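1. Coordinates for the following, if possible.
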Amino acid sequence: MPMVLIVVAYLLGTFPSATLIARANGIDIATFGSGNPGASNVTRALGWRKGIWVYVLDALKGVAATVIPLMIVTDGRPLAYVCGAAVILGHMFPVFRKFHGGKGVATGSGVLLALHPVLAPFAVALWWIVSRITGKAAVGSLVAVALVPVGLAVLGRPAWEFAAVGGLSALILAKHWRNFARILRREEPALSSIR
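-> Numbers count the residues shown, from 1 in each chain. Next comes the predicted model:
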């Protein structure tokens, strides 16, 4: 059963929310902007409403993959973390699209919501505040993701949960290496450029 749930979580992560929404609106998201199939790039291409839809769908992948083991497995919290990692990996490295996927922020926020519903709204609020102050959505993502493990420590969660969340946060941050480079070169698109 655990292996089945992990595989299902990975496959769920590969659902191409951004690609489908962009294609339905006449855009190949892989050839637009950064080419990243995520909510931010869809927002730049099609505006906030479409970007929010992508965010919600990607977050729901994270929620579903994480909640299922919590519901059907006795003491399923460790397995829920593994499934959370699997759904994020599926989103980032989808086998059906030559392992070219998104960056995991929206899907990761869904995992966080399922596992730590008290912390998740603070992470989203932090993303919004930093993004508005800096004018860069990527900066908001990087700060929010980096500080999630700190929030877990403040909540006093067990060390293994802190390590698991720290590992997932590090993975998401690593996927943003191009954003780091663009920020340093002052080439990262601003929120003001998004419709």
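
2. How much space separates Ala59 from Val87?
-> 11 Å (CB to CB, to the nearest Å). C-beta coordinates here come from the backbone N, C-alpha and C atoms, glycine included.

3. All the strands of this structure, residue numbers only.
-> Using DSSP state E, the chain contains no strands.

4. which parts of the longest helix belonging to it are buried?
-> As assigned by DSSP state H, the longest helix anywhere in the chain is helix 48-72. Neighbour-count burial for helix 48-72 flags 50-51, 53-55, 57-69 (criterion: 16 or more other CB atoms under 10 Å).

5. do stretch 73-80 as well
-> Using 16+ other CB under 10 Å as the test for burial, stretch 73-80 gives Val73, Gly76, Leu79, Ala80.

6. Which two among these are spaced furthest apart?
-> Val73 and Ala80 (8.1 Å; CB to CB).

7. list the residues that contact both of Ala59 and Val87?
-> By CB atoms under 8 Å, 6 or more residues apart in numbering, Ala59 and Val87 have these common neighbours: Thr107, Gly110.

8. For Trp177, give me the pLDDT.
-> At Trp177, the model reports a pLDDT of 81.

9. likewise the one 10 residues further on?
-> Glu187 carries a pLDDT value of 72.

10. Now the phi/psi pair for it, please.
-> phi -120, psi 0 (degrees, to the nearest 10).

11. quick one: low-confidence ranges for the protein?
-> Within the chain, the segments meeting pLDDT under 70 span 190-195.

12. All the helices of it, residue numbers only.
-> Counting by DSSP H, the helices of the chain are 2-13, 17-24, 39-46, 48-72, 77-92, 105-115, 119-134, 137-155, 159-174, 177-184.
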